[in-house]
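Engineer: my questions are about this predicted structure, shown below with the sequence.
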Amino acid sequence: MKQSGTTSSFKQPPTDFTSTMAYQKTIALSLYRSVLRSHRKNLPPQMRSLGDAYVKTEFRANKTLSEKRKLDEFFTAWGDYLKRIDTMGRAKNVMSSGREEVKATFGEDLPSGLDLSDEQRKKLVELRHEATKAGGGKTL
């Protein structure tokens with residue numbers, strides 16, 4: 001233990017901004033891993049490969065987000081998605097055990113009047129195309 005009056009050899013603690021960014025990176029990594037784990041546990045192979053690719057693309061594309069509002073939206077949306085996938089997985093387990101008849105569905109309708117950018121619309125079209133391919137050509 002150093003005596004008072006001597007200088008500390010420890011580095012200064014990171015600034016508030018640095019701490020916040022490190023914390024957000026930790027949250028993002030944890031959420032990313034949880035989503036992939038949930039896919040592995042709850043999705044059929046074709047949906048899993050499509051979902052994993054989409055998750056990886058989205059997390060990489062948003063890796064540099066620093067605006068708090070956008071980060072909150074991103075984490076909230078992916079957290080909600082994770083809850084839905086886990087809920088579907090639990091419903092699937094209940095159905096397979098024969099305890100109850102539960103309908104498990106994938107996805108949900110977008111709210112009407114949703115304001116999307118051109119880039120978001122393009123991503124939705126691409127996602128629909130990939131989902132249709134993964135589903136054996138069935139129209140969604």
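Structural biologist: Nice, thanks for sending it over.
Engineer: from residue 91, how far out is residue 85?
Structural biologist: Look at residue 85 and residue 91: by CB to CB, to the nearest Å, they are 11 Å apart. Backbone N, C-alpha and C define where each C-beta goes, glycine included.
Engineer: which of the two has more neighbours?
Structural biologist: Ranked by neighbour count (other CB atoms under 10 Å), residue 85 and residue 91 place residue 85 first, with 21 against 16.
Engineer: setting the sequence-adjacent residues aside, check what's closest to the more buried one.
Structural biologist: The shortest distance from residue 85 to any non-neighbouring residue, by CB to CB, 6 or more residues apart in numbering, is to residue 38 (4.6 Å).
Engineer: next one: residue 58
Structural biologist: Counting by CB to CB, 6+ apart, the nearest residue to residue 58 once its immediate chain neighbours are dropped is residue 78, at 7.9 Å.
Engineer: wouldn't that neighbour be in contact with residue 38 here?
Structural biologist: No. When contacts are counted by CB atoms under 8 Å, residue 78 is not listed as touching residue 38 (10.8 Å).
Engineer: related to what we said a few turns ago, I'd like the next helix or strand past the helix or strand containing the residue nearest to residue 58.
Structural biologist: If you go by DSSP states H and E, residue 78 is part of helix 68-97. Next along the chain after helix 68-97, taking DSSP H and E as the criterion, comes helix 118-134.
Engineer: gap between that following helix and the chain center?
Structural biologist: 17 Å (CA atoms, centre = their mean, to the nearest Å).
Engineer: just checking, what packs against that helix?
Structural biologist: Here helix 118-134 touches helix 45-61, going by 3 or more CB pairs under 8 Å, 6 or more residues apart in numbering; DSSP states H and E.
Engineer: state the mean pLDDT of the helix it packs on.
Structural biologist: Averaged over helix 45-61, pLDDT sits at 91.
Engineer: so that helix versus helix 118-134, what angle?
Structural biologist: 160 degrees (axes from the mean of the first three to the mean of the last three CA atoms, to 10 degrees).
Engineer: mind listing what residue 56 touches?
Structural biologist: By CB atoms under 8 Å, 6 or more residues apart in numbering, the contact list for residue 56 is empty.
Engineer: okay then, goodbye and thanks.
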